[in-house]
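In: Give me a 3D structure for the following:
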Amino acid sequence: MQTPMYEPPRPQPLAALVSLLRVIWRGDGDLLSLLPAKAYRVETGWLGYSRRSILIVNAPHLLRDVLTDPTDIYPKNDLMVGALEPLVGNSIFVSSGSVWRRQRKMIDPAFSHMRLNKAFLSMAAAVDDYEQHLDRCAHDGEALSLDLAMSHLTADIICRTVFSTSLKSRTAVDVFEAFTVFERTCAQVELKRLIFDPPFADIPQHEQVLQACARIRHHLGELVDTHLEAGVNQYDDIAAAVMSARDLETGEGFSRKELLDQLGVMFLAGHETTASALIWAFMMLAEQPQVMRRVREEVCAIAGDGPIELEQVRKMTFVRNVFKETLRLYPPITFIPRVAAEAAQIGRHRVKRGAMLMIAPWTIHRHQRYWQRPNVFDPDRFSAEREHELVPGAYLPFGLGPRVCVGAGFAQLEASLILARLCRRYDFQLLDAKHVRPVARLTTRPATQLMCQVHRRDSVS
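Out: Have a look, this model is predicted:
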């Protein structure tokens, strides 16, 4: 069944100088609006003018070379590392080389197949509790922020699966508010630094950014210390698995600071990226009742009105395809920046040391050479019948190569469960759909919070 032609909100691509002036005029640091029209057409090409030079790499075979990087000459971009260090330290998300390889080997077992099976029970329990909150909102006719709702729910799931505890509402709001401050204000999204600063320059952060990071790390520290004080043998969760991990060569585990860094990445990246995608998924479903109907039909055909089990979620191919298409149109990690640690050749371009290599899932996922009707919301493009249309390497919502997101399977299972459960139970009504505008700073989010009302459905059939 073909879904209708629907193009969800996106920035209008403009010439490079006009794009720059648009971002300066708005003053909100939106990196999406900074992308010129050229970025959606070229396989590789220089973007605008900057002191360090920026090469966008869209071609799948070339970006694979950069992201697999067996010689460690394309580490995580120094601008991103400097911006994230106050929040996640030298964790798996920003580290490179031998440090990253050690961390990855120690962390991978925490996301094994068996642990995902156990995590599903915690996911379902969190959705149970959040449905009660949404029921109250529906009964009272209360408007709610879709951004905060998805952030709260996914943060609670991460808390339950990683730390075996539910997230207190006040803590959830505090983390959401602190991360919002961090994302909007951190130095990575300042145009001056992007255009005028030399490569490998120190990146001093604003005091309010440091305070926001301290608030978040304080909450995470409380959760880590609960495990450390009780002993990891008292828990059977992801945090305990990471705490029990040992370096195969030295036999040493992570220090408390390293635990805070690594588990902080899991908490923040694990809930923030999934929340970002779910905001867009529910926005598009609210605007496309035909697609919402197909989601419900599949859920009800497989699970009826009873509890939705793990194996049932795995059979919901259309639900999964809705999430995949959401990740294509609104990849949570909008940019995967790298830096040339030494002079190198990428395709026909010679790049100097310090050049920024911009791999942008946003432009790759909307590139006309790799996708049919790239700006149209079409979940069926991921169906088995149309699998032949997909260009290998042109879909990378979780990255590519050895650094592919360690929590990709977790996120897909979590999002599919949330979509199935909430779509079966509620209708979502956007209150200001005409003014939705996506922006990208660290993740792809609406420029302002999406307010909506939820309506409880009388029947799930």
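
In: any idea which helix or strand of this protein has the worst average confidence?
Out: Between all helices and strands in the chain, the lowest mean by mean pLDDT, DSSP states H and E belongs to helix 191-196, at a mean of 65.

In: so where is the stretch 51-200 of the chain shaky, pLDDT-wise?
Out: Low-confidence segments of the stretch 51-200 of the chain (pLDDT under 70): 112-114, 169, 187-196.

In: can you rerun that using 90?
Out: Along the stretch 51-200 of the chain, the parts satisfying pLDDT under 90 run over 51-54, 68-72, 75-101, 104-119, 152, 155, 158-200.

In: Pull out the buried positions in the longest helix along the chain.
Out: Ranked by residue count under DSSP state H, the longest helix found in the chain is helix 256-287. Of all the residues in helix 256-287, those buried under the rule 16 or more other C-beta atoms under 10 Å are 258-287. Yep, even glycine has a C-beta here, placed from its N, CA and C like the rest.

In: and what of stretch 204-221?
Out: By 16+ other C-beta under 10 Å, the buried positions in stretch 204-221 come out as 205, 209, 212, 213, 215, 216, 217, 219, 220, 221.

In: Distance from the chain centre to the longest helix of the chain, please.
Out: Here the centre of helix 256-287 is set off from its chain's centre by 6 Å, with C-alpha atoms, centre = their mean, to the nearest Å.

In: quick one on the thing from earlier: from the buried residues of stretch 204-221, which land in helices?
Out: Filtering the buried residues of stretch 204-221 for helices - DSSP H - leaves 209, 212, 213, 215, 216, 217, 219, 220, 221.

In: show me where pLDDT drops low in the stretch 351-461 of the chain?
Out: 356, 399-410, 432-435, 440-443, 458-461.

In: quick one, helices of it?
Out: 361-364, 408-425 (DSSP state H, counting those that start in this stretch).

In: Need those helices in TSV (columns: mean neighbour count and distance to residue 168).
Out: Shown next, in TSV, are these (neighbours: other C-beta atoms under 10 Å; distance: least, C-beta to C-beta, whole Å):
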stretch	mean neighbour count	distance to residue 168
helix 361-364	25	34
helix 408-425	22	20
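
In: Of those, which is nearest residue 85?
Out: helix 361-364 (23.0 Å; C-beta to C-beta).

In: Contacts for the closest one next, please.
Out: Outside helix 361-364, the residues that touch it by C-beta atoms under 8 Å, 6 or more residues apart in numbering are 32, 35, 39-40, 56, 58, 60, 63, 331, 333-336, 370, 394-397, 440, 444.

In: and if you look at stretch 96-109?
Out: 72, 75-76, 90-92, 95, 241-242, 245-248, 253-254, 262, 402-403, 406.

In: which residues in the stretch 1-150 of the chain form helices?
Out: Under DSSP H, counting those that start in this stretch, the stretch 1-150 of the chain gives helices at 16-26, 31-34, 60-68, 78-88, 97-107, 113-140, 146-163.

In: and these, which is most packed in?
Out: Of the helices of the stretch 1-150 of the chain, the one with the most neighbours on average (mean count of other C-beta atoms under 10 Å) is helix 146-163, at a mean of 25.

In: With just CA atoms, put that one into PDB.
Out: Taking Å, rounded to 0.1, in the frame of the first residue of the first chain, the C-alpha atoms of helix 146-163 are listed here in PDB:
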ATOM      1  CA  LEU A 146       5.800  16.600  22.800                       C
ATOM      2  CA  ASP A 147       9.600  17.400  23.300                       C
ATOM      3  CA  LEU A 148       9.400  17.100  27.100                       C
ATOM      4  CA  ALA A 149       7.000  14.100  26.900                       C
ATOM      5  CA  MET A 150       9.400  12.000  24.700                       C
ATOM      6  CA  SER A 151      12.500  13.200  26.700                       C
ATOM      7  CA  HIS A 152      10.900  12.200  30.000                       C
ATOM      8  CA  LEU A 153       9.700   8.800  28.700                       C
ATOM      9  CA  THR A 154      13.000   7.800  27.000                       C
ATOM     10  CA  ALA A 155      15.000   9.100  30.000                       C
ATOM     11  CA  ASP A 156      12.900   6.900  32.300                       C
ATOM     12  CA  ILE A 157      13.500   3.900  30.100                       C
ATOM     13  CA  ILE A 158      17.200   4.500  30.100                       C
ATOM     14  CA  CYS A 159      17.200   4.900  33.900                       C
ATOM     15  CA  ARG A 160      15.300   1.600  34.400                       C
ATOM     16  CA  THR A 161      17.500  -0.400  31.900                       C
ATOM     17  CA  VAL A 162      20.800   1.100  32.800                       C
ATOM     18  CA  PHE A 163      20.400   1.800  36.500                       C
END
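
In: Quick one: list the elements packing against it.
Out: On a contact count with 3 or more C-beta pairs under 8 Å, 6 or more residues apart in numbering; DSSP states H and E, helix 146-163 meets helix 113-140, helix 169-185, helix 207-230, helix 238-244, helix 256-287, helix 408-425.

In: Can you say which of those helices is nearest to residue 436?
Out: Nearest to residue 436, of the helices and strands packed on helix 146-163 and by C-beta to C-beta, is helix 256-287 at 6.6 Å.

In: right, and residue 455 touches residue 138 too?
Out: Yes. Assessed by C-beta atoms under 8 Å, residue 455 is found in contact with residue 138 at 5.7 Å.

In: Distance-wise, check the residue most central in space within the chain relative to residue 334.
Out: The centre of the chain sits closest to residue 273, judged by C-alpha atoms, centre = their mean, with a distance of 2.5 Å. Counting by C-beta to C-beta, to the nearest Å, the gap from residue 273 to residue 334 is 11 Å.

In: Need the residues touching each of those two.
Out: With C-beta under 8 Å, 6+ apart, residue 273 and residue 334 have common neighbours residue 443.

In: circling back to that earlier point, between the longest helix of the chain and helix 169-185, how big is the angle?
Out: Taking axes from the mean of the first three to the mean of the last three C-alpha atoms, to 10 degrees, one finds that helix 256-287 is oriented at 90 degrees with respect to helix 169-185.

In: Give me the angle between helix 256-287 and helix 78-88.
Out: 100 degrees.

In: angle of helix 256-287 against helix 408-425?
Out: Using the same axes, to 10 degrees: helix 256-287 against helix 408-425 is 40 degrees.

In: what packs against the following helix or strand past helix 256-287?
Out: Next along the chain after helix 256-287, taking DSSP states H and E as the criterion, comes helix 289-303. Under the contact criterion of 3+ C-beta pairs under 8 Å, 6+ apart, helix 289-303 touches helix 256-287, helix 317-329, helix 408-425.

In: and the last one, how far out from the chain's middle?
Out: Mean C-alpha position of helix 408-425 versus that of the full chain (C-alpha atoms, centre = their mean) differs by 15 Å.

In: For that helix, enumerate the helices and strands it packs against.
Out: Looks like helix 408-425 contacts helix 113-140, helix 146-163, helix 256-287, helix 289-303, helix 310-314, helix 317-329 (3+ C-beta pairs under 8 Å, 6+ apart).

In: Let me have those in CSV, extended by distance to residue 424.
Out: Formatted as CSV, these follow (distance: least, C-beta to C-beta, whole Å):
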stretch, distance to residue 424
helix 113-140, 10
helix 146-163, 15
helix 256-287, 12
helix 289-303, 5
helix 310-314, 12
helix 317-329, 10
